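K.L.:
Predicted model follows, preceded by the sequence.
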Amino acid sequence: QVQLVESGGELVQAGGSLRLSCAVSGRTLSSYTMGWFRKAPGKEREFVACITWGGGVTRYADSVNGRFTILRDNAGNTVYLQMNRLKPEDTAVYYCAARLGFGTDQYSYWGQGTQVTVSS
């Protein structure tokens, strides 16, 4: 089992920055990929970014590429999502997730989510 706990979501003005954290525990993570997803009201949950725990390979959704950065702290077992130049359309509940192998879907483990609200 993998346990994931997100934090860092809050209300921020458009153009601002925010860093989300995901504390990871429960397993050796070297074969896992960590992802961030988001779900806005009335929309489907969507992929945001992912990173392989071992090699640091990353992938981003087009909508956030160049604005968001996913990072991992191997020693601290924490994954971060640095969000810059935030837009109102980034408003959503953000979820941390984990899966074996690399991919942007079919994640097995999920956190409880953290709310990000971007005001215009």
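P.N.:
That came through, no problem. Owing to the predicted nature of the structure, the values given are computational and were not obtained by experimental measurement.
K.L.:
Quick one: mean pLDDT for stretch 49-67?
P.N.:
Mean pLDDT, stretch 49-67: 94.
K.L.:
outside of it, which residues touch it?
P.N.:
For stretch 49-67, contacts defined as Cβ atoms under 8 Å, 6 or more residues apart in numbering pick out 29-36, 46-48, 68-72, 74, 79, 81, 83-86, 89-90, 102-104. The way it works is simple: take the backbone N, C-alpha and C, and place the C-beta from them, glycine included.
K.L.:
hmm, which of those are the buried ones?
P.N.:
For these, a burial check counting by 16 or more other Cβ atoms under 10 Å picks out 29, 32-36, 47-48, 68-72, 79, 81, 83, 86, 90, 104.
K.L.:
Please identify the nearest residue in space to the residue nearest in space to the middle of the chain, excluding sequence neighbours.
P.N.:
Central residue of the chain (Cα atoms, centre = their mean): residue 36, 2.5 Å from the mean position. Among residues not flanking residue 36 along the chain, residue 48 sits closest, at 4.3 Å (Cβ to Cβ, 6 or more residues apart in numbering).
K.L.:
can you confirm the one you found is in a strand?
P.N.:
Yes: with DSSP: H, G, I helix; E, B strand; the rest coil as the criterion, residue 48 is located in a strand.
K.L.:
Help me confirm that it comes into contact with residue 79.
P.N.:
No: contact criterion Cβ atoms under 8 Å: residue 48 and residue 79 do not qualify, at 11.8 Å.
K.L.:
Pull up the overlap in contacts between those two.
P.N.:
Joint contacts of residue 48 and residue 79 (Cβ under 8 Å, 6+ apart) are residue 36.
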